[in-house]
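Novice: sequence and predicted model, in that order:
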Amino acid sequence: MRVYDLHTHSTASDGVLAPSALIRRAKNRSVDTLALTDHDTVGGIAEARPAAAAESIRLVAGVEISVSWQEHLIHVIGLGIDETDNGLLRGLDSLRHRRDDRAEQMAVRLKKASIPSALEGARRYQTTDILSRTHFARYLVEIGRVDSVDEAFKQFLNAGTPGHVPMQWATLAEAIIWITDAGGHAVVAHPGRYKIDETLLYRFLEAFVESGGIGIEVVCSNLKPDQINRFAGIARKYGLKASAGSDFHSPRSNRELGRLAPLPENVVPVWQDRDW
Ligand code: AMP
Ligand code: MN
Ligand code: MN
Ligand code: MN
């Protein structure tokens with residue numbers, strides 16, 4: 001049986017391993033099909049491709065797009081995209097500019113919360129052209145304002161805290177069009193992690209399917225069997241294919257590469273009828 005991990009990050013966004021180091025870790029952890037899905041960029045794929053070929057790992061070119069849907073931040077994964085597609089690249093470029101504007105506004109807000117030089121501090125952790133709240137979180141840990149990245153989000157970066165800036169990311173329809181026009185499959189990322197109730201989740205999934213989305217992550221890091229069964233049921237209800245991804249960002253976290261339960265048998269895998 002093949003081992004799939006279809007949701008991972010590298011230094012091209014807010015992960016800590018360079019794409020080639022990520023591929024080596026995948027090899028060591030017996031993952032044989034890996035999707036690189038950095039936030040709002042495909043910038044890591046050029047390095048990942050030859051590294052994957054050298055290690056005989058199947059690389060699925062991917063992306064994780066930030067979407068605003070009814071005031072909620074939702075992540076939509078694109079799998080099997082052509083990373084040179086112009087429409088996709090233009091769309092992602094606009095999101096990166098919005099990230100830069102947000103970062104400046106975040107720094108102003110954090111200064112009012114007596115945190116100096118947050119923009120400069122976050123930029124020291126930035127590795128490419130993506131500036132993430134994760135980079136701010138690492139700076140807040142560095143200066144000792146919080147003990148962990150998780151605390152940084154809870155106290156300063158999540159919605160409703162002093163550093164948060166409300167954002168308008170891609171619309172759901174835009175994100176799905178960018179992905180599908182680039183030959184990819186649109187998949188809902190980590191459906192259990194949104195602060196929306198069941199009714200709203202169902203309304204979102206109706207809109208997602210209506211816009212051309214075809215999959216949902218049924219297996220994610222640390223999901224319990226009953227949660228996996230719940231998302232398998234939801235996949236069947238909406239006619240969505242099932243994906244599996246760890247959302248790996250860094251070693252020594254609780255989202256390890258390839259550490260995933262098997263997909264339940266009663267769902268259609270997103271990789272069925274694909275060459276990956
Ligand atoms: P951004 O896309 O810049 O708004 O940042 C979102 C990213 O922050 C997510 O993809 C996660 O990697 C990270 N993140 C969000 N909440 C937490 C948390 N509580 N602990 C650690 N990382 C988090
Ligand atoms: Mn992230
Ligand atoms: Mn995500
Ligand atoms: Mn992710």
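Specialist: Noted; the coordinates are in hand. Nothing here was measured: the structure is a model prediction, and the numbers come from that model. Numbers count the residues shown, from 1 in each chain. Ligands and ions are numbered 1, 2, ... in the order given.

Novice: please list the residues of the stretch 151-276 of the chain that sit near ligand 4.
Specialist: Applying Cβ under 5 Å from the ion, we find that the stretch 151-276 of the chain lies next to ligand 4 at Asp247. To be clear about C-beta, it is placed using only N, CA and C from the backbone, and glycine gets the same treatment.

Novice: mind checking the SS state of the residue in the stretch 151-276 of the chain that ligand 1 sits nearest to?
Specialist: Nearest residue of the stretch 151-276 of the chain to ligand 1 (Cβ to the nearest ligand atom) works out as Phe153 at 3.7 Å. Using DSSP: H, G, I helix; E, B strand; the rest coil, the structure places Phe153 in helix.

Novice: contacts only, for it.
Specialist: Arg133, Ala137 (Cβ atoms under 8 Å, 6 or more residues apart in numbering).

Novice: now Ala18
Specialist: Ser10, Thr11, Gly44, Glu47.

Novice: now swap in Val16 and tell me
Specialist: His249, Ser250, Pro251.

Novice: 7 Å instead?
Specialist: Contacts for Val16 (Cβ atoms under 7 Å, 6 or more residues apart in numbering) come out as His249, Ser250.

Novice: the one 10 residues further on now?
Specialist: Residues in contact with Ala26 (Cβ under 7 Å, 6+ apart) are Asp5, Leu34, Ile57, Leu257, Gly258.

Novice: out of the contacts of Ala18, who's nearest Arg145?
Specialist: Thr11 (24.1 Å; Cβ to Cβ).

Novice: about what we covered before: format the contacts of Ala26 as TSV; extra columns: neighbour count, distance to Arg230 and secondary structure.
Specialist: As requested, the contacts of Ala26 are exported to TSV (neighbours: other Cβ atoms under 10 Å; distance: Cβ to Cβ, whole Å; DSSP: H, G, I helix; E, B strand; the rest coil):
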residue	neighbour count	distance to Arg230	secondary structure
Asp5	26	21	strand
Leu34	32	26	strand
Ile57	18	31	coil
Leu257	24	24	coil
Gly258	21	23	coil
